[in-house]
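*Asks:* generate coordinates for the sequence data below:
(chains A and B)
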Amino acid sequence: MQITPLGDSALIVELGEAINEATHVRVQAALRALMVEPLPGVSEVVPAYTTVTLFYDPWAVVQAGAPADEITTWLAAAVRERLKNPPKTAKSKPRTVEVPVCYGGEHGPDLNRVAAQAKLAPEDVVRRHAKAEYRVHLIGFSPGFPYLGGLPKELVTPRHAKPRMAVPAGSVGIGGEQTGIYPQSTPGGWNLIGRTPLRLFRPEEDPPVLLQAGDIVKFRAIAAEEFAQLQEART
Amino acid sequence: MIQVIKPGLLTTVQDLGRPGYQQYGVVVGGALDAFAARVANLIVGNDDNAAVLELAQTGPELGFERDTLIAWNGGDFDATIGGQPLPRDRPVRVAAGERVSFGVARTGWRAWLAVAGGIDVPLVMGSRTTYRRAGLGGHQGRPLVAGDELKTFEPGERGAALLHTLQAGQKRGTTWTVRPGTMGRPATAGVVRAMRGPEWDWFSEDAQRDFFSADWQATKEADRMGVRLQGPGLVQVKPREMISAAVNTGVVQVPPSGHPIVLLPSRQSVGGYPRIAAVAGVDIGRFTQLRPGEKVRFEKIPLQQAQDLWLARERDLARVRMGLARMTG
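*Replies:* Model (predicted):
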């Protein structure tokens, strides 16, 4: 396990070299071990595909007992020790979250584009996209935006060369090998195949997101009427 | 109550940011120069994390309903009170009914204004920082507009005592000052200290040499997320695909264009560009003051030196804090 400094106030813990299930499990385990009782001076632990990164305040780490000339070594040793003997935490089973999506039409302007390059009928793209099971690898880009792994290979579609200025909130997109959902209206270059009425970012809740890294996502195709009803029920 | 008469170009409520939620895609944000904001707060007797106003390029005009103790620092703004220059880097008394106008930045780009007690806006996810993309935090989740009214908390004991002293002596401000830029061991003008980043080895020898010797020019592509620099293109030995990973404030990313971007506190939580370097924490504030066209050079220092600089500045701040406590205590 390699630990590399990222500037003078962060440390990267590398837990794998490629994006895969085994690495994902190690990242989640490391995140739990480092979060259950934060190490001294550490303000935040941020997971990504193959790493977790610890953000720390050098001054606070020294106040907690680190020698002033060996802050990084001291903290890295504490991280190794913690990961070797992780505190017992209830290892939660991954949650499965169903996400209703209205595919195609006005909600999925790029469905035909994806279908054309996959050489499939649009209905087949929908069937295959909704049948697959996805893993939330990472939340990033914008508040609550899930990067999902598990897209069927035939649906892999390159991003738009020119991103849209504004993607409607709730849009489900395909960007290369990944699929994801835009929680807010933001610029975006992914192929939009549908839209969910669910709110992905919920600042009034704790945690403030519908989906978290580690969750399993299943899409359920819904008709435009159900989309409208669910969106109505939200407000 | 503080009345916003003119909002300025981009005036926002900020504290020290919203850490703890990066794993949900929520940016940390906060005052771009956190140290400057802490010092402004210290001067008026606030906690470090009290909410302040951040000003950019053209500051606001503010009306005060009652006698208020304020302090501001940062870039050199044309700040006035009743037509007279508004003293900076020290506690200043604004009398009920007076207006403070910040004008434009003559040098630098941003400033921080602390008010004794701190700006009273609701805590959202543990912070009062404005988060524009999500439309939350700060004052109604957005920059200030004309007509806004800002509430403030009651001043702390030290802030109230300072205000009382200034009132009793009919004084505008104190003679003593606290300047964040003089604490620790500041870099020489035009130089920013930095250390190698995790992907340093990905770059060609030319790129490695250029990075630490060239004059880099700040571009107009600069906001609270980062500043893009113009200079010699930085080329990788062999372009590689990077797996997205966390970034930090001060990290210098190099997108395929070869023009580096220095990340500031409203950066995204993860990034996919190689990280050639990281600016020393104590020098990040420099990038919040760069005007388009201004130049900087990076001086290479080891990680441990960057942390020494960090500790030296904190020790100085701790000394000032104790001194101020004794003065009023």
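
*Asks:* contact partners for the residue of chain A found nearest chain B?
*Replies:* Closest contact between chain A and chain B, by CB to the nearest CB, is at residue A:7 (3.1 Å). All C-beta spots, glycine's among them, are computed from the backbone N, C-alpha and C. Contacts here follow CB atoms under 8 Å, 6 or more residues apart in numbering or on different chains; on that basis residue A:7 touches B:195, B:197, B:248, B:250, B:251, B:278, B:279, B:280, B:281, B:303, B:306.

*Asks:* ok, and the closest non-adjacent residue to it?
*Replies:* residue B:278 (3.1 Å; CB to CB, 6 or more residues apart in numbering or on different chains).

*Asks:* report the beta-bridge partners for the closest residue to chain A within the stretch 201-329 of chain B.
*Replies:* Residue nearest to chain A within the stretch 201-329 of chain B (CB to the nearest CB): residue B:278, separated by 3.1 Å. Residue B:278 forms beta bridges with residue B:195, residue B:251, as assigned by DSSP bridges.

*Asks:* next, count neighbours for it.
*Replies:* 29 (other CB atoms under 10 Å in any protein chain shown).

*Asks:* what is the mean pLDDT for the helix or strand that residue B:323 is a member of?
*Replies:* Per DSSP states H and E, residue B:323 falls inside helix B:303-328. Averaged across helix B:303-328, the pLDDT comes to 95.

*Asks:* what's the answer for stretch B:104-116, then?
*Replies:* Here the average pLDDT along stretch B:104-116 is 98.

*Asks:* with just CA atoms, put that stretch into PDB.
*Replies:* Coordinates of each C-alpha in stretch B:104-116 appear next as PDB, following Å, rounded to 0.1, in the frame of the first residue of the first chain:
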ATOM      1  CA  VAL B 104     -12.500  49.000  -6.800                       C
ATOM      2  CA  ALA B 105      -9.300  47.100  -6.200                       C
ATOM      3  CA  ARG B 106      -6.300  49.200  -7.100                       C
ATOM      4  CA  THR B 107      -4.000  46.200  -6.600                       C
ATOM      5  CA  GLY B 108      -5.000  42.700  -5.800                       C
ATOM      6  CA  TRP B 109      -8.400  41.300  -6.500                       C
ATOM      7  CA  ARG B 110     -10.200  40.200  -3.300                       C
ATOM      8  CA  ALA B 111     -10.700  41.400   0.200                       C
ATOM      9  CA  TRP B 112     -12.400  40.100   3.400                       C
ATOM     10  CA  LEU B 113     -14.600  42.100   5.700                       C
ATOM     11  CA  ALA B 114     -15.300  40.800   9.200                       C
ATOM     12  CA  VAL B 115     -18.000  42.300  11.500                       C
ATOM     13  CA  ALA B 116     -17.900  41.800  15.200                       C
END
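
*Asks:* how about that stretch, which residues are buried there?
*Replies:* Within stretch B:104-116, the residues that qualify as buried are B:105, B:108, B:109, B:110, B:111, B:112, B:113, B:114, B:115, B:116, counting by 16 or more other CB atoms under 10 Å in any protein chain shown.

*Asks:* domain assignment for chain B?
*Replies:* Split into domains by automatic domain parsing, chain B comes to B:2-182, B:191-310.

*Asks:* repeat for chain A
*Replies:* A:2-84, A:96-234.
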